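J.: Please find the sequence and the predicted model below.
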Amino acid sequence: MIDLQNTKDYRNIAIDRVGVKGIKYPITVLDRANQYQSTTASIDMFVDLPQEARGTHMSRFIEMLHVFRNEVSLKSFSMILEEMKRQLGAKSAHIEVRFPYFIEKKAPVSGAVGLMDYNCGFIAKTLENGDADILLELRVPITSLCPCSKEISDYGAHNQRGEVTLLTRFKEFIWMEEMITMVESAGSCELYSILKRSDEKAVTERAYDNPKFVEDIVRDIALQLEKDDNITWFSISVENFESIHNHSAYAYICSDKNSMRLEGF
């Protein structure tokens, strides 16, 4: 049969990324409390395409994923990227794996146990020197209480749910749980899946005693990451889904610790 992907293209335009997106696939990830956790990931896989090539072989991405189905981890990303380049004759490869991750949490007073889900992921790509560049991505929900509202009101203060998006580069393995706990500690209060009345009282009062702007939250997280020698680069965004406005409040910090500079945009 004719293989049209292997025919020559005469438009002389290279493609930066070509591949497949949104592959739903079962994976196993490391769990600090239980060793392993099974979950379902959404996976994107890309390679570059030279200007003379008509197309890539899309089915090979799925075949490679099946070969590595039990090894989708930080340790295996380098192998997967190199195999993508080898099988598809590419110079660069890129993979993004995102999945829900569950952590068992106890309510602060009653001790009621529930599962909190967090959207986590890994983004990996090949570098020119052949190494793999790997980012850990976390999306962590938090509660924030407005300091201004508390200051000017005779009683009460408005609060809202927010979301922190954290991306980090690191030297050695880091547990997702450690990063999630660190992010949650920067909010006015953390979230729980189960709260009894005594717990509701506790988290309401905790948030009231710990008011935070988005600017406070993003800076507090940045300070902790700057102190961590294992983290070489990070970006943090905080979005508060405001309860008394029809817009969100937002703050962002990006830091390249190797050059000791903070960047924001």
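T.: Thanks, I have the structure now. Predicted, not measured: the structure shown is a model, and the values here were computed from it.
J.: what secondary structure does residue 238 sit in?
T.: The assignment at residue 238 comes out as strand when based on DSSP: H, G, I helix; E, B strand; the rest coil.
J.: That one against residue 166, yeah?
T.: No - using C-beta atoms under 8 Å, residue 238 is not in contact with residue 166, being 9.5 Å away. Just so you know, the C-beta spots here come from the backbone N, C-alpha and C atoms, and that holds for glycine as well.
J.: intersection of neighbour lists for these two?
T.: Between them, residue 238 and residue 166 share these contacting residues under C-beta atoms under 8 Å, 6 or more residues apart in numbering: residue 221.
J.: So if I had to pick from those two, which one is more boxed in?
T.: Set side by side, residue 238 and residue 166 give different neighbour counts by other C-beta atoms under 10 Å, the larger being at residue 238 (31 against 21).
J.: count of neighbours near residue 118?
T.: Residue crowding around residue 118 was assessed by other C-beta under 10 Å; the count is 19.
J.: Same check on the one 5 residues further on?
T.: Residue crowding around residue 123 was assessed by other C-beta under 10 Å; the count is 17.
J.: Please shift the residue numbers so they start at 679 in all later answers.
T.: Yep, numbering from 679; the last one is residue 801 now.
J.: Kindly provide the distance from it to residue 917.
T.: Noted for residue 801: a distance of 20 Å to residue 917, by C-beta to C-beta, to the nearest Å.
J.: what does residue 782 give?
T.: Using C-beta to C-beta, one gets 26 Å for the distance from residue 782 to residue 917.
J.: Would you mind listing the residues in contact with residue 882?
T.: With contacts defined as C-beta under 8 Å, 6+ apart, residue 882 has no neighbours.
J.: partner residues bridging the residue lying closest to residue 886 once chain neighbours are set aside?
T.: Distance criterion C-beta to C-beta, 6 or more residues apart in numbering; nearest residue to residue 886, sequence neighbours excluded, is residue 823 at 6.0 Å. Applying DSSP bridges to residue 823 yields these beta-bridge partners: residue 837.
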